[in-house]
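Visitor: return atomic coordinates for the entry below.
(chains A, B, C and D)
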Number of protein chains: 4
Amino acid sequence: MRVTVWNENRHEQKNPVVAEIYPEGIHGAIANFLREEGLDVGTATLDEASHGLTDEVLDQTDVLVWWGHLAHDEVADEVVEKVHQRVLKGMGLIVLHSGHFSKIFKKLMGTSCDLKWREADDRERLWVVDPTHPITEGIGQYIELEKEEMYGEHFDIPTPDELVFVSWFEGGEVFRSGCTYRRGNGKIFYFRPGHETYPTYHNEEVQRVIRNAVHFVKPVNREYPTYGNHKPIENISEK
Amino acid sequence: MRVTVWNENRHEQKNPVVAEIYPEGIHGAIANFLREEGLDVGTATLDEASHGLTDEVLDQTDVLVWWGHLAHDEVADEVVEKVHQRVLKGMGLIVLHSGHFSKIFKKLMGTSCDLKWREADDRERLWVVDPTHPITEGIGQYIELEKEEMYGEHFDIPTPDELVFVSWFEGGEVFRSGCTYRRGNGKIFYFRPGHETYPTYHNEEVQRVIRNAVHFVKPVNREYPTYGNHKPIENISEK
Amino acid sequence: MRVTVWNENRHEQKNPVVAEIYPEGIHGAIANFLREEGLDVGTATLDEASHGLTDEVLDQTDVLVWWGHLAHDEVADEVVEKVHQRVLKGMGLIVLHSGHFSKIFKKLMGTSCDLKWREADDRERLWVVDPTHPITEGIGQYIELEKEEMYGEHFDIPTPDELVFVSWFEGGEVFRSGCTYRRGNGKIFYFRPGHETYPTYHNEEVQRVIRNAVHFVKPVNREYPTYGNHKPIENISEK
Amino acid sequence: MRVTVWNENRHEQKNPVVAEIYPEGIHGAIANFLREEGLDVGTATLDEASHGLTDEVLDQTDVLVWWGHLAHDEVADEVVEKVHQRVLKGMGLIVLHSGHFSKIFKKLMGTSCDLKWREADDRERLWVVDPTHPITEGIGQYIELEKEEMYGEHFDIPTPDELVFVSWFEGGEVFRSGCTYRRGNGKIFYFRPGHETYPTYHNEEVQRVIRNAVHFVKPVNREYPTYGNHKPIENISEK
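Guide: Model (predicted):
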C-alpha cells in the first residue's frame, strides 16, 4: 500500500510558530508517523510541479492525505480533476481540517462545505459516537485537545455515510468531526482537528485515528464496473 | 408553493413519436398533472433566454423538476451555478430519468452518475422498499411499466439518504430508481422512469410519485444558517 | 389525525416540584400545546386500565407520544407488544427523554439504549445539524435550555436514519438528541429534552419541535405490504 | 480470530437431498471453506447442550455465523439473550438466508423481518450496488445462482446501514440481499442466499462474500464505553 501525504506547505514557510511545531512541515510530520508502522509513504506539496501529483504519483497512490488552507485557489483545476477521477476509481482520500474548503472536497461533496470557525484556544473533545468503526480502534471514549481552532455547526456537508466523531467545544458549539463518504469506488474520511498553530498532529490519538483511517479507506481489490450500453442477460419478450 | 418544470424539449421537436406522446412537451405533460391538484406550476425550456431560468424565476421557485437528455452540455454553466445555489438555499429539486447525467445532478452528487442502459422494450417493475416514505403514499407494492428503457447497476451515485424504489428489469438487471438526497438546505429526489418514446408520464402511479415528491422536497421554512467567524457563546478559559 | 400522549404520571404524584411545573401532568402539558394547533389529542397514563392503551385507543391513534422514567418495568409486556405491532403497521411514535429506556423503544431499537447521565443543572444547547428536515421548521440554529439533565455519548442506539439535533452540554459532553428511525411501516422520532424537574415542555421551541414531529411521523396512507408465499409474476424457465 | 458457525442442522437429518449436498451439514461446509484461509473455526448446532453456545464458546467467539430455518422457536430465549449481549459487546454476527426469521435477528432488528418467498427454482442474480465495500473484494459485477429460493420485497427490516447487494429474481422480484447493521459495539451482515436444497454454499463467490464478511464484522479492539452516572468534565456554572 502506497500513501501520499499532500500539504499546501505555506504556513510553515511564513509563520515561525508553525515552522517550530512542524519543522518538516505538516506533511513531514504525518508521513513520519505513518511510516512508523511500516507503510510506504511519499509526500507532495503545492509548489512542486503539478503540485507533486503527477500522473505517475497518482496512479501509484492507494491513499491520499490532504491538508490545505491558505491557497485552495492555487490548486490547478486539472490536478483536482485527476484526483477526483482517481477517487472515483477507488483511491482512498483523507481530508484534514481546513481541507474542508479544498476544491477536491467540495467537488466530491456537492455542497458549500462551509462552517462556523474561531481561533480562540477552545478546548476540543472529540466523542466517539460509533464504537463499531475500525477508525476508532485503540481510541478511548473521547480525544481531548487542550487548544484547537473551533469549527461549529451547521457544517454544510451531505449527511455522512458514517458519523464517527462529534466534537464538543468550550465556547458552546458542536461539530461532526469524523465523517466517512463513498464516492464512486473510493472511500473518503474527513477528520476535523489540525489547526497549524497547535501541535495536534503530534497527539498520539490523533495519529492513531489517521493510521486507522488509512486502512479503512484503502481501495477494495476488484474490477471497475462497466457502464454504458448493456446487452440483456435474459430474454426480453415481444410486446 | 411554486413549481417550475424544466425540460430540454428537443426530442419533442425532432422525433414525431415523442411529439405524438407528448404534444405539449414532456414539460407540458408534467405541468398539467401537477396543476390538477392545485399547484402553481410554470415551465421553462432550454431554448428560452437563460433556459427560462432567470433570476426572477429561480427566486420564486420552491420546487424545480428537471428533464434533460440530448443537450446536457448546452446548459450554461452560469445557470447550473445558480440552480446549485438555489438548491443549497433550500429549493427542492426533482431529477427525472436521463437527468442523471445533467450538469446540475452531477455537481450535486460529486460522482460520475454513470449507469448501464438499453433501449429494448424491457418491462420494468419498481418495487417500494420503504413503505414509510411519503413519496409512496397511495402507491401499491410496485409500479409496473410495460416497456421502458433499462437502467442498470452499478449506478455511480453517492449512497442515497433514502432509498424508496428498486427496479426490476426483464433483461436481468436491477436499479436504485427512487433516491432522496439532502444538499445544503435543499432536498432532492431522483426518479428513474421516463424515456421519451414511452408514455410513462401519462401513467397515473408515476404521476402520483412525482406529485408526492413535490411535497416531500419543498423547502422548510426557517432561516438560513450563519457561517464564518463565530463569537463564543460560553466563556473560554485561560490556558 | 389522532394523537395520544402517554405518560407514566408518577413523578407528578410524588414530587411537588414536578406537580407545580406540570399541574396537569407532563401528558396534560403536551396535549395542551398540541391541541392549540387544532390536533385531536387524547391522553393515557400508566395507572389506567391497560395503561390507557386499549385496542380501541391504539387502533384510532395515528401518532403516539411516550414519556416514562421510574416505572418502565410496570408497563405490561402485552401492551408493549400491541404498541410494537401498531408501529410496524404504520403508527408514528415520538419517544421523549427518559423514554430511551422504555420497553417499547428498546424493542424497536434492538440495543441497550444506555447512555451517560447527570442531574446537575447543565446548560444544554441543541444544534440543528440537518436544516432540510421538516422537524426543524421555524427553529433557529440551536435551542438553548438553561438547565437540563445531561445525557452523554456513547448513546447505545442504532445509527439514526436521520440525525436532526446534536446537544452540547456545559459539563463537556455531546449527545445525538434528535433522531428518526423507520421500523416496519412506522416512523419514530426520539427527542432528548424533558427532565421532569425543569419546565422544558413549556419552552416554545421544544413545543414546536414536537408539533413538527407529529406531522413528520404520521402514517403514510397506503396498503400494508403482503408477505409470505408469492406466486411468480413472470415465467420461470425450466432448468 | 475465532469463528463459530452455528447451524440448526435439521434439514440435513430429515432430507436426503440436503444430506447429499451437505454431507457434513451446512455448518460443516461453511466451516471448511473458512478454515481454508487459516481461520480458527468451530461449529455449534441446535441439538447440542446450550445449542453448542455455552458461555465459554460465546466468550471466545469473535464472529458468529448463523443458519436456521425450521426450528427458530426451539432456540432457548436464554441463549438468544446471551448472543444478543455478545453482539452488543462487539462480537460480529453473520446471519444467512432463512436466519432472517431467527430470534436473534428479529431481536436485533426490532421489526418483523418478514418477506415474500417462493421455492420454484428461480434464477437469482445478486448485483453489487456498493463497489467500495470490502465485502465485495474479488467479486464481479454480480453473482449468478442458477436456482435459488426467491425472497422478495418488501423485506421488513430497518434501513440497512450499508446496502451491498440487491437481488434480481427470474419471477419478477427484487430483494436487498446483502445488508450491514451496527448494534451496540457489534457489526452484523445479513446475506440472503443459501436455501438448503441448492448447493449455494459450494459456490466460490458466495464463499468469498462470507469470508470477506467475517473480516468486516470482526470486533474492533477498544474498551467498552461507560454508561450511567457521569461526573462533569468541565465546571458547571451556578444558576
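
Visitor: helices of chain A, residue ranges please.
Guide: Along chain A, the stretches classed as helices by DSSP state H are A:11-14, A:16-21, A:25-35, A:55-60, A:77-89, A:103-109, A:204-217.

Visitor: and these, which is most packed in?
Guide: Of all the helices of chain A, helix A:103-109 carries the top mean neighbour count, a mean of 22, counting by mean count of other Cβ atoms under 10 Å in any protein chain shown. Yep, even glycine has a C-beta here, placed from its N, CA and C like the rest.

Visitor: any idea which strand is longest in chain A?
Guide: Using DSSP state E, we find that the single longest strand of chain A is strand A:116-128.

Visitor: that one vs helix A:204-217, what angle?
Guide: 80 degrees (axes from the mean of the first three to the mean of the last three Cα atoms, to 10 degrees).

Visitor: check which helices and strands strand A:116-128 sits against.
Guide: Counting contacts by 3 or more Cβ pairs under 8 Å, 6 or more residues apart in numbering or on different chains; DSSP states H and E, strand A:116-128 is packed against strand A:142-152, strand A:162-169, strand B:228-229.

Visitor: show the end-to-end separation of stretch A:162-181, please.
Guide: Using Cα to Cα, to the nearest Å, the gap from the first to the last residue of stretch A:162-181 comes to 7 Å.

Visitor: can it be found next to chain B?
Guide: Yes. Stretch A:162-181 is in contact with chain B by Cβ under 8 Å from any Cβ of the partner chain, via A:170, A:171, A:172, A:173, A:181.

Visitor: mind checking which of the residues you listed land in strands?
Guide: Of those, the ones assigned to strands by DSSP E are residue A:181.

Visitor: of the residues of stretch A:162-181 next to chain B, closest to residue B:237?
Guide: residue A:170 (6.8 Å; Cβ to Cβ).

Visitor: and the residue nearest the centre of chain A, what does it touch?
Guide: Computing the C-alpha centroid of chain A and ranking residues by Cα atoms, centre = their mean puts residue A:95 first, at 1.6 Å. Listed by Cβ atoms under 8 Å, 6 or more residues apart in numbering or on different chains, the contact partners of residue A:95 are A:66, A:102, A:104, A:105, A:188, A:189, A:190, A:191.

Visitor: biggest separation within those residues, which pair?
Guide: A:104 and A:191 (15.1 Å).

Visitor: residue A:168 reaches residue C:171, doesn't it?
Guide: No. Between residue A:168 and residue C:171 there is no contact under Cβ atoms under 8 Å: 9.6 Å.

Visitor: pLDDT averaged over the longest strand of chain A - what is it?
Guide: For strand A:116-128, mean pLDDT is 98.

Visitor: and that strand, how far out from the chain's middle?
Guide: Relative to its parent chain, strand A:116-128 has a centroid offset of 18 Å by Cα atoms, centre = their mean, to the nearest Å.

Visitor: what do you get for stretch A:144-157?
Guide: Worked out by Cα atoms, centre = their mean, stretch A:144-157 lies 15 Å from the chain centre.

Visitor: one step back: now the angle from the longest strand of chain A to strand C:162-169?
Guide: Using the same axes, to 10 degrees: strand A:116-128 against strand C:162-169 is 100 degrees.

Visitor: just the buried residues of strand A:116-128, please?
Guide: Using 16 or more other Cβ atoms under 10 Å in any protein chain shown as the test for burial, strand A:116-128 gives A:116, A:117, A:118, A:120, A:121, A:122, A:123, A:124, A:125, A:126, A:127, A:128.
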